[in-house]
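In: Sequence first, then the predicted structure:
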Amino acid sequence: MKCPGSQSTLVAGFAFVVLTACGGSSFQETGGAAGSSGSGGTGATGNAPAGDSCTDGRKNGDESDVDCGGACGACASGADCSSASDCASGLCFDSGCSPGDAPLLGEGQFLTYQPTFADLPPNLRTVADQNWQTAMDRGMRIARTMHDWAELEPIEGVYDLSGLEAALDEFQSEGLKTFVTIPIVDSLDAVVPDDLKHPTDEGLLAEGLAYDDPEIVARFERLLDQVVPLLIEKDAFALSINNEPDAILEDSFDQHDALVRLSESARDHVRELDARLPVASTVTFGGLSMDNPLAVGLLEVSDILAVNWYCSSFEDSSVNPIEESIAELDSIVEVAGPRKVFFQELGCPSGFGDGTTSSLGASEAAQHDWFVAVLADLEGRPEVRGAAQFQMLDMAPEIWALYEDALGGLGFPPDTIAAIEESFVTLGMVRYSDGKPKPSWNAFLDALSAR
């Protein structure tokens, strides 16, 4: 879901359908046992067989890199490989060992939540702070944060990382590791520096530019030169460089291939800076399910599958039965192939609960039951490394007003806007109106404790 900061809005990204199997052809499938991941670069990370060739500081025999791969121990992320069995991660991507196992995260599966996008009144700020501490006490060990490229480079060659650093400092001080999103495209908008952006259409680059133009590739790589060392220092464990660009579901987006090439170049550059940091582009379940070429292309150049997924039907926003959601989880793992999965957003609306009949079939009880079933199912899936619930509080009225204005301006009929309102506004585990928890909050806390 796009953080609302403009009049554009994500319409297609709030509801999703069943995936079809696709993606990942450039990955070598896992074959054979892999050792534990190392800190990047060459060198064996598993138990090498006896013999001088695996410890002589040279690439020889059937080694894929110096003293690792082949008959020697598995290689760390960033090393050369010819098959998945050469890599500690079990992932060989474009002849290089991918950090797709998220080695900086550590073992296990982790949960967190997005607190809110809005500035809160004092009573709700107190609730939010108390709930954050409660979640920490129950075992929350990761966080997520998002900062647009335009925020980090407000003027060409001038970098302002203060907001990013402040967020990372806060999380690190609490012992949290962070999933960071620095989007090039966020939903329907190009969130690039102003000098690269179209003057009147926020969805476009400046006239005559393409995402894979050398100028733009070099600019983003220079930003990564500033950002990646900070991420490593401050305990980030993964980086996403797009957020829901596949929300443009029509084939009219004529820069699909260019954005994929830019994303691939950025992934390769991050691997040169620190091979332990996996890079992804966060896509929607809906985009993948519809074989959206941008979603599929971005997945193919991602180290992990970062995805936004909700319980709502793509056709009419209604809440899917739990068994259908579980089937969708099967499809998500299938489409990820050998990649690990991180849910950048995961959620289900509760409905307004004001005595009116929900047009979506939503209720606080149904939201609770969905969280219980889905979070329990995720716990049994080692392919899933983490998930961020979206979001702790229901949407603030002033934030919904931005969406409502944009939807009206796009010509959506009132009944459709009402359905979207119920779906967006009631995603929280805590009511915005009075700060009281819904039953899903306790379900989330119980799932934290179980991990």
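Out: Okay, I see it.
In: Let me know the helix or strand that the nearest residue to Leu329 once chain neighbours are set aside is in.
Out: Counting by C-beta to C-beta, 6 or more residues apart in numbering, Leu329 lies nearest to Asp377, which is 6.0 Å off, once chain neighbours are set aside. To be clear about C-beta, it is placed using only N, CA and C from the backbone, and glycine gets the same treatment. Per DSSP states H and E: Asp377 is located in helix 364-379.
In: Helix or strand next in line after the host helix or strand of Ala218, which one?
Out: Taking DSSP H and E as the criterion, Ala218 maps to helix 214-233. For helix 214-233, the following helix or strand on the C-terminal side (DSSP H and E) is strand 236-243.
In: Where do the helices of this structure begin and end?
Out: 122-137, 149-152, 162-173, 214-233, 256-273, 285-289, 293-300, 322-336, 364-379, 397-409, 414-425, 439-450 (DSSP state H).
In: With just CA atoms, put the second one into PDB.
Out: As requested, C-alpha coordinates have been extracted for helix 149-152 and formatted as PDB (Å, rounded to 0.1, in the frame of the first residue of the first chain):
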ATOM      1  CA  TRP A 149      14.600   8.000  -3.100                       C
ATOM      2  CA  ALA A 150      13.500  11.700  -3.400                       C
ATOM      3  CA  GLU A 151      13.600  12.000   0.400                       C
ATOM      4  CA  LEU A 152      17.200  10.700   0.600                       C
END
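In: And it, what does it pack against?
Out: Here helix 149-152 touches helix 162-173, helix 214-233, going by 3 or more C-beta pairs under 8 Å, 6 or more residues apart in numbering; DSSP states H and E.
In: Can you mark which positions in the shortest one are buried?
Out: This points to helix 162-173. 164, 167-168, 171-172 (16 or more other C-beta atoms under 10 Å).
In: Stretch 407-424 - what's its average pLDDT?
Out: Averaged over stretch 407-424, pLDDT sits at 91.
In: And for stretch 194-211?
Out: 92.
In: repeat for stretch 58-70
Out: On average, stretch 58-70 scores 93.
In: What ranges in the stretch 351-451 of the chain fall below the confidence cut-off?
Out: Applying pLDDT under 70 to the stretch 351-451 of the chain flags no residue at all.
In: ok, the residue nearest to Pro229 when sequence neighbours are not counted to Thr357 distance?
Out: Nearest non-adjacent residue to Pro229, counting by C-beta to C-beta, 6+ apart: Leu273, 7.3 Å away. From Leu273 over to Thr357 the distance is 54 Å, taken as C-beta to C-beta, to the nearest Å.
In: One more: Leu230?
Out: In terms of C-beta to C-beta, Leu230 sits 50 Å off from Thr357.
In: do Ile241 as well
Out: Counting by C-beta to C-beta, the gap from Ile241 to Thr357 is 42 Å.
In: Which of the two has more residues huddled nearby?
Out: More neighbours surround Ile241 than the other of Ile241 and Thr357, with 27 against 9 (other C-beta atoms under 10 Å).
In: could you list every residue that touches that one?
Out: Counting by C-beta atoms under 8 Å, 6 or more residues apart in numbering, Ile241 touches 181-184, 220, 263, 266-267, 279-281.
In: List the residues that contact Thr145.
Out: 164, 167-168, 171, 178-181.
In: Flag the shaky bits of the stretch 101-250 of the chain, pLDDT-wise.
Out: Checking the stretch 101-250 of the chain against pLDDT under 70 turns up 248-250.
In: what about the strands in the stretch 51-200 of the chain?
Out: 92-93, 96-97, 110-114, 142-146, 177-181, 185-186, 189-190 (DSSP state E, counting those that start in this stretch).
In: Among those strands, which comes closest to Pro214?
Out: strand 189-190 (17.5 Å; C-beta to C-beta).
In: elements contacting that closest one?
Out: Partner elements for strand 189-190 (3+ C-beta pairs under 8 Å, 6+ apart): none found.
In: so what strands line up beside that strand?
Out: Counting by DSSP bridges, the strands paired with strand 189-190 are strand 185-186 (antiparallel).
In: neighbours of Ala275, just the number please.
Out: So Ala275, with other C-beta under 10 Å, has 23 neighbours.
In: cool, and Ser433?
Out: Every residue meeting other C-beta under 10 Å relative to Ser433 is counted, giving 12.
In: Leaving out chain neighbours, which residue sits closest to it?
Out: Ser433 sits nearest to Asp394 (C-beta to C-beta, 6+ apart), 7.6 Å away.
In: same deal with Asp257?
Out: In this structure, Asp257 finds its nearest non-sequential neighbour in Gly297, 7.0 Å apart by C-beta to C-beta, 6+ apart.
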